[in-house]
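>>> structural data only, the sequence is not supplied:
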């Protein structure tokens, strides 16, 4: 099977987040446009340079059209991929191909949601399919709970293990001024949190915040002459293995196993090369599953791995160094924020800078562990 | 001719739990027009109703609304479906537990539910 990718030939030339946390009085589109303008300004480009739009909004099925109209541009290509929170990793993959082919010259990838200020509930209209819905699972929490319960059964994973994912995320967020949840968190608080859908409690769930994000991609040769150091895309791959968790062959093994291996092969990197991992932690079980499926620990060992402190500040593998969806922000879809934190680490601009990061992995999750997509970013030194 | 989903619902309304089977005997659910991944024909078979709990979750509601469970059940034929195991309270459900299907007709639509096999 062909798995060609134009390694390093396109790059993130600009990036921005906007309104992370609470941004009352603004619409999702207003926030998305502001993030887009900030990312363009970061790159030293303007609206007139954009000829391709990539967007996925939780509450607007025609977001690609709405966004083009709002910005007042006529893109040559518009991608409104709806694979959930991983859509943005897929956007990076298809933008990289189109840029390298000369089909487009400048891609704006953007997202924004005011879901916290607008009512504090997940804004998506997506829900369980007709086979699952009559049994009233809480969408999407129960799907993740079913996977967690099975992981506990097969591998002895415990609620304490899950809690250590939340504790590690919070430990990073405490020193990130942009993070929404910065108060210190204890194991006891996690374990006594209100149960929602066993074994997932409130402490295992991501935040519900406002927030917008955008990145600008150009070919790397052009990005070298723009305002900021380019962050080349070394590899990007997506995998779609199911929609309902009930249809998973093994609900403790996700398509991250495929997307991660493919993206790393495209990038020509091994686990030892990857200095930091930004992954989509909508629920604590995600971090454990993705660390296993991406190959940072063996299947079933994710619980003890996170409990050892490995992913917390000072640990052997810095994960979600902004605080992640659990403590930084989660405005309905988090994928683009993971990409931006990976790029900020490479540019040396993260709130918790690791220093000397040449390769970073950003991993997105969509649906209910359904869609998995992995992006490997590098510094100029990796070309 | 109606599609497989309508045929499945019609059978359920008559009290029969159907699943599909591929040419090489693999069980398929939910109903499809083709064998997943290969495209071959499918035939209907009546499920035995026996199965095991593959995973479960207890959904917590604000009192006085009761806690209830959602279970993924693997039928003995091999296909899995989401359902509920009735007649158990929190703590009495475990992965691997044997369950038996029945069709609940109390609601607007017939619904496949399960009870513990030793209670069937």
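Yep, that arrived. This is a predicted model, so every value here is computed, not measured.
>>> pLDDT weak spots in the chain?
Picked chain A for this. Along chain A, segments meeting pLDDT under 70 span A:1, A:120-124.
>>> chain B was what I was after
Applying pLDDT under 70 to chain B flags the ranges B:120.
>>> enumerate the residues of it near chain A.
Contact residues (Cβ under 8 Å from any Cβ of the partner chain) of chain B with chain A: B:30, B:54-60, B:68, B:70, B:72, B:80-84, B:90, B:95-96, B:109, B:111. C-beta coordinates here come from the backbone N, C-alpha and C atoms, glycine included.
>>> in three-state terms, label residue A:346 for me.
Secondary structure, DSSP: H, G, I helix; E, B strand; the rest coil: residue A:346 is helix.
>>> next, count neighbours for it.
For residue A:346, the count of nearby residues is 28 (other Cβ atoms under 10 Å in any protein chain shown).
>>> now do the one 5 residues further on
With neighbours defined by other Cβ under 10 Å, the count for residue A:351 comes to 17.
>>> which ones are touching it?
The neighbourhood of residue A:351, defined by Cβ atoms under 8 Å, 6 or more residues apart in numbering or on different chains, consists of A:175, A:176, A:177, A:178, A:179, A:322.
>>> if we go to 7 Å?
When contacts are counted by Cβ atoms under 7 Å, 6 or more residues apart in numbering or on different chains, residue A:351 is found next to A:175, A:176, A:177, A:178, A:322.
>>> nearest to chain B among these?
Nearest to chain B out of the contacts of residue A:351 is residue A:322 (Cβ to the nearest Cβ; 29.5 Å).
>>> correct me, but the closest one touches residue A:343?
No - distance between residue A:322 and residue A:343: 11.5 Å, which falls outside the contact criterion (Cβ atoms under 7 Å).
>>> what residues are up against residue A:236?
Neighbours of residue A:236 in contact, by Cβ under 7 Å, 6+ apart: A:5, A:89, A:92, A:93, A:96, A:263, A:375.
>>> before we move on, what about residue A:44?
The neighbours of residue A:44, taking Cβ under 7 Å, 6+ apart as the test, are A:226, A:227.
>>> and with 8 Å instead?
Contacts for residue A:44 were tallied using Cβ under 8 Å, 6+ apart; they are A:14, A:226, A:227, A:228.
>>> just the buried ones from these, in PyMOL syntax?
This is how PyMOL selects the buried members of these, with burial counted by 16 or more other Cβ atoms under 10 Å in any protein chain shown:
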select buried, chain A and resi 14+226+228
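>>> export the contacts of residue A:44 to CSV and tack on secondary structure and distance to residue A:250?
Formatted as CSV, these follow (DSSP: H, G, I helix; E, B strand; the rest coil; distance: Cβ to Cβ, whole Å):
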residue, secondary structure, distance to residue A:250
A:14, strand, 40
A:226, coil, 45
A:227, coil, 46
A:228, coil, 42
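>>> where do the strands sit along the chain?
You didn't say which chain, so I picked chain A. Ranges of strands in chain A, per DSSP state E, are A:10-21, A:52-55, A:77-79, A:107-113, A:195-197, A:200-201, A:210-219, A:231-240, A:276-279, A:359-366, A:371-378.
>>> please go with chain B instead
For chain B, the strands defined by DSSP E cover B:18-22, B:27-28, B:42-46, B:50-59, B:68-75, B:80-83, B:85-86, B:98-104, B:111-116.
>>> how far away is the most centrally placed residue in chain B from residue A:129?
The centroid of chain B falls nearest to residue B:81 when counting by Cα atoms, centre = their mean (4.5 Å). For residue B:81, the distance to residue A:129 under the criterion Cβ to Cβ, to the nearest Å works out to 11 Å.
>>> show me the contacts for residue 49.
All of this is about chain A. For residue A:49, counting by Cβ under 8 Å, 6+ apart, the contacting residues are A:40, A:105, A:106.
>>> chain B, not that one
B:17, B:75, B:100, B:101, B:102.
>>> which strand residues bridge the fourth one?
Read it as residue B:101. Partner residues in beta bridges with residue B:101: residue B:114, with DSSP bridges as the criterion.
>>> could you measure from it over to residue A:368?
Between residue B:101 and residue A:368 the computed distance is 24 Å (Cβ to Cβ).
>>> not counting sequence-adjacent ones, nearest residue to the residue nearest to the centre of chain B?
Counting by Cβ to Cβ, 6 or more residues apart in numbering or on different chains, the nearest residue to residue B:81 once its immediate chain neighbours are dropped is residue B:29, at 5.5 Å.
>>> nice, that's everything, thank you.
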